[in-house]
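Participant: My questions concern the predicted model and sequence given below.
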Amino acid sequence: MPPKRPRTNAAPVVDVHRSKPPPSRRTDSRGSREEEWVPPSPATTKRSLVLLTVWRKEEYKVVLKFKVEFINGLAHKPVKWLGYAAWCLHGYDGVIVDNKGKEVGLDMKLIGGMHYYFKPKDKNQDHDILDTMKCKKVLAVRDAQTSVTGATDNATSFSKTVKERDGGCVFTSRNPSTCHASHLIPKRTAGSYEEHLVTHDVTSLGTVQNPLNGITLWYTIHSFLDKQKLTILATPNPYLEDNDLKRADPSHPKEKSRAKLISRNYKNEKKTKQHFPATRQYTLHWFNWLKGTETERQEDIAHCARAAFHTTNESTLPSDTVCHYRYAAVLLYNCVDDSNTVVPPDPDSDQDEEQQEDKGKQKKRKKREEDEDGPPGRKRPKTLGGQASSSGRSRPSSSRSVGKRRSVGKRQVQESMGQPEDRLRKARTKSSRSLNLSDVVQSPQIVSDNDRREELAQRIQNMFGLHRRAMFVNQKMDSIGQWAESKHKASKVLKCSVATIHAFAGLSHQKNAMKGLEASLNNLAESDSSEIIQSTLSKVEEGVKDLRENLKGVQKSNVTAPLIEELKASVVSLETRLSEWRLTHPDKTALRIDIYNRKCFVDPNSRKQTPTLIAYCIALVGRAFEGASERSALILLKIFGRSLTRLGAGGETIDISPSTYLVHFCLLAFFKSHISPY
């Protein structure tokens, strides 16, 4: 007789080709009921994408969608990164299986078009992922409003402590004066963050003003972090080690300049030296790879850049637990597959859609009856149709009025934007299937109240229970806010005086010039020749000097003041970078002419300016020390110009030979001796 198979609780591999679908739950040999993890017909996708189901419960599931190229660019072992992505979302320990239920090895490559599943090892989990997803709303919005619970002294102490620990931007090594002490958990969560962070233990954090919740970032990276365009991965963790992740491209401009700053000795400078921690690493990952965002990754910060700190004591570094939770928030914000994700209804939400709609209809009907009845004691005029109306016109039919009513979601959009009730009543008489820009943008608070749009998206998400609609409304309101903000700025400029408008236009041109100078300095590398480095630095120094002089005479007003402050900050940042370059590449020019015609001698490395400089010095000596008249000095320069044109190869790019030098000097000496000094 064949030996009997031992009893086991492990679920057998599900055959995806069976004709009859299995039930959602099955009974094992011991009689316990456990859930089938891989469905009989898994969802499919394109060959350039992969799907990852991070959580399943009955018919509900959360599915993430990634590009294969994106995951391969993050880690040497992409399957381990998939396990980390699921673990940081809900904290479960498990394995990655394919669409046939077979465990995938950690060293295997990704298969394009495959639907992977994260299968927990323990069936009895402490909490539901639904609680985690609801808490992600706290982090998956911009930190546009500071918390009122934190005092100013605490905020100042937090910023000072974090900047002293980091020594500048941890990913670009920029000076702390141009950086922000960013909160990984937004400040506006205040003391309620502990009840939200249910996935990972953060009880040791205490408060959001704890330096373990902070990290120093350049202002551009700080903005990208708030907009969920990037996030930070802390290693080691239960799934990834530091050597599992890929490094940034060393040829990236920011990585080149940063390598020089980190290796420099700062004994006699204000800038503190930074080091890479030995026990814990923090890696920056870009998540916004949409078309048109190439400039941000190519100029502002390198993908997969590592963090460097002035103090590398592990007990003072940013909390790795908070980094895991922030990474999960960015995953939900950017990578949720709306077509396959089914979220359970929120038990804590308000009334469902039908109840909301019935309540809205009753409110509109009551409002319409009050308008028709008019004030007490006033008789309603009779109309031809026998119906009374406060305006003397016949009341529209029921079907027509229903067709003109706005949906409940649209009415809540308008109410959340702060519109008065009478404007809502007038807006309900218009027919529209989408958001009416004229109704939403009229509120003056939309320009600066960005967090209200995010709150609106969360309300709609609770009301309908669909992540896709919430994301659509969020993007819609972002575009509306940008349009309204530009319209508000334009109207503000038009109401100013003519002088202010000219000053604003001039500042805009200076801002473009500043961007050009920054681009020239960003493109400069240590591998360039000495002539190119000296020429570029001289050009940038002259441009910065002109900008600083031009800013002194600009008329300040409510319109120009923000732009002036922005330009001044850019000038200070550029001067700091220039001083850093000059430490290794000092200006060795023998003569620097800085008078009214100094633009003729801007580039000291050009050979074509050498005879011009000598001729100018001869004329200057004759004028200053030999008593030559102004006319004689001008004649000397005129003769030199004519001889240079006649004897040279032509144009401004002529190459002066030794013979040409000799002829020039002979002519100058001859004419100088025959010209009267008076």
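Facilitator: It's in.
Participant: What does residue 65 show for phi and psi?
Facilitator: phi -130, psi 130 (degrees, to the nearest 10).
Participant: can you pull the pLDDT of the residue lying closest to it once chain neighbours are set aside?
Facilitator: Counting by CB to CB, 6 or more residues apart in numbering, residue 65 lies nearest to residue 337, which is 4.0 Å off, once chain neighbours are set aside. From N, CA and C alone the C-beta is placed, and that goes for glycine too. Per-residue pLDDT puts residue 337 at 87.
Participant: ok, residue 337 to residue 324 distance?
Facilitator: 22 Å (CB to CB, to the nearest Å).
Participant: which of those two has more neighbours?
Facilitator: residue 324 (23 against 20; other CB atoms under 10 Å).
Participant: so where's the protein uncertain?
Facilitator: Scanning the chain for pLDDT under 70 picks out 1-37, 123-154, 188-204, 263-271, 290-292, 345-502, 555, 559, 588-613, 641-678.
Participant: per the record, what domains does it have?
Facilitator: In terms of domains, the chain is parsed into 33-127, 132-334, 405-484, 498-584, 606-674 (source: automatic domain parsing).
Participant: Now do the strands in the protein.
Facilitator: Along the chain, counting by DSSP state E, strands occupy 25-27, 33-35, 49-57, 60-67, 94-97, 115-120, 179-183, 214-218, 230-235, 281-286.
Participant: Deepest in the core, which of these is it.
Facilitator: strand 214-218 (a mean of 27; mean count of other CB atoms under 10 Å).
Participant: who touches it?
Facilitator: 158-159, 161-163, 165-172, 174, 176, 178-184, 225, 232, 282, 301, 307, 318 (CB atoms under 8 Å, 6 or more residues apart in numbering).
Participant: Which residue ranges of the stretch 251-400 of the chain form helices?
Facilitator: Per DSSP state H, counting those that start in this stretch, the stretch 251-400 of the chain carries helices over the ranges 253-263, 294-295, 320-334, 353-373, 398-403.
Participant: Looking at the strands of the chain, which is nearest to residue 618?
Facilitator: strand 214-218 (50.8 Å; CB to CB).
Participant: For the closest one, list the C-alpha coordinates in CSV.
Facilitator: C-alpha atoms of strand 214-218 as CSV (Å, rounded to 0.1, in the frame of the first residue of the first chain):
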residue,chain,number,x,y,z
GLY,A,214,12.8,65.6,10.8
ILE,A,215,15.2,65.6,7.9
THR,A,216,17.0,68.5,6.2
LEU,A,217,16.1,69.0,2.6
TRP,A,218,16.8,71.6,-0.1
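Participant: what lines up beside it in the sheet?
Facilitator: Using DSSP bridges, the strands paired with strand 214-218 are strand 179-183 (antiparallel).
Participant: Other residues contacting the strand it pairs with?
Facilitator: With contact meaning CB under 8 Å, 6+ apart, strand 179-183 is reached by 143, 158-159, 162-163, 168-169, 208, 213-219, 222, 225.
Participant: Filter these down to the buried ones, PyMOL style.
Facilitator: Filtering these down to the buried ones (16 or more other CB atoms under 10 Å) takes a single PyMOL command:
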select buried, resi 143+158+159+162+163+168+169+208+213+214+215+216+217+218+222+225
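Participant: From residue 281, how far out is residue 181?
Facilitator: Counting by CB to CB, the gap from residue 181 to residue 281 is 21 Å.
Participant: One more: residue 577?
Facilitator: Taken as CB to CB, the span from residue 577 to residue 281 is 27 Å.
Participant: what about the residue lying closest to residue 516 once chain neighbours are set aside, how many neighbours?
Facilitator: Using CB to CB, 6+ apart and skipping the chain neighbours, the partner closest in space to residue 516 is residue 543 (7.8 Å). By the criterion of other CB under 10 Å, residue 543 has 18 neighbours.
Participant: Check residue 275 too.
Facilitator: Number of residues near residue 275 (other CB under 10 Å) recorded here: 12.
Participant: Name the nearest residue to it, ignoring sequence neighbours.
Facilitator: Per CB to CB, 6+ apart, closest to residue 275 is residue 312, 5.3 Å.
Participant: what does residue 112 give?
Facilitator: Per CB to CB, 6+ apart, closest to residue 112 is residue 47, 3.9 Å.
Participant: my read: the one you found touches residue 113, true?
Facilitator: Yes: using CB atoms under 8 Å, residue 47 makes contact with residue 113 at a distance of 4.6 Å.
Participant: give me every residue that touches the closest residue to residue 51 other than its chain neighbours.
Facilitator: Computed as CB to CB, 6+ apart, the closest residue to residue 51 that is not its neighbour in sequence is residue 115, at 4.3 Å. Residues near residue 115 by CB under 8 Å, 6+ apart: 42-45, 50-53, 98-99.
Participant: do residue 93 as well
Facilitator: Contacts of residue 93 (CB under 8 Å, 6+ apart): 87, 120-122, 238.
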